[in-house]
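Asker: this one's structure only:
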């Protein structure tokens, strides 16, 4: 998943037991299918080229079992390490904070929730019967991706949709080598974790 046409659209599927979603580019072309494996003690996410799941492109594995500060390592289809994303445990209790590392374990990028109140109100509306059907059209949490120097290069935000199942990744600046792949994998894992939190 490199040299893609942005914005990238993530749409969670309804009616499946697993937590999975499709990835499409700006031209509505499918570029990936993400499936979170169920009933695993240590979390594992697989990224396929399409919904047929015939070609596995990436795997994301947690380094710990059920830990709110776990790290998630990215490997390509040949098992080569690409990098990892780590949730900053206590710092993420109110406002989501994640760090993205490259294959040599150097901290390369930061992901920060832009307005934590949007997530709070979104989660509250989801709990109200009948109102929860339209909650996906009201509040839209967003997350910014930046380099250590503060340059903002991408963001992910929830977009209006039934059941709050659609997200979009926007490119805000040119990517350096390896950033695009790690950003996409990091944001995909992050959104799986954040949706679970509410």
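Answerer: Great, that's in hand. This structure is a prediction, so every number in the text was calculated from the model and none was measured.

Asker: the chain: strands as residue ranges?
Answerer: In the chain, the strands defined using DSSP state E lie at 8-12, 19-24, 30-36, 44-48, 56-62, 71-76, 81-87, 97-102, 107-113, 142-146, 152-158, 166-171.

Asker: what is the end-to-end distance of stretch 86-103?
Answerer: Taking Cα to Cα, to the nearest Å, stretch 86-103 runs 13 Å from one end to the other.

Asker: where does the chain dip in pLDDT?
Answerer: 1, 15-17, 39-41, 65-69, 89-94, 116-140, 161-164, 196-198 (pLDDT under 70).

Asker: how near is residue 60 to residue 2?
Answerer: Distance check for residue 60 against residue 2: by Cβ to Cβ, to the nearest Å, it reads 17 Å. Just so you know, the C-beta spots here come from the backbone N, C-alpha and C atoms, and that holds for glycine as well.

Asker: and the two? Which one has more around it.
Answerer: residue 60 (23 against 10; other Cβ atoms under 10 Å).

Asker: name the residues that touch the lengthiest helix in the chain?
Answerer: If you go by DSSP state H, the chain has its longest helix at helix 179-197. With contact meaning Cβ atoms under 8 Å, 6 or more residues apart in numbering, helix 179-197 is reached by 1-4, 8, 10, 12, 19, 23, 34, 36, 45, 47, 58, 60, 72, 74, 82-83, 85, 87, 96, 98, 100, 102, 108-109, 111, 119, 141, 143, 145, 153-154, 156, 167, 169, 175.

Asker: out of those, which are buried?
Answerer: 1, 4, 8, 10, 12, 19, 23, 34, 36, 45, 47, 58, 60, 72, 74, 82-83, 85, 87, 96, 98, 100, 102, 108-109, 111, 119, 141, 143, 145, 153-154, 156, 167, 169, 175 (16 or more other Cβ atoms under 10 Å).

Asker: ok, back up a step: give me the distance from the longest helix of the chain to the chain's centre.
Answerer: Centroid separation for helix 179-197 versus its chain: 2 Å, with Cα atoms, centre = their mean, to the nearest Å.

Asker: and if you look at stretch 50-61?
Answerer: With Cα atoms, centre = their mean, you get 15 Å for stretch 50-61.
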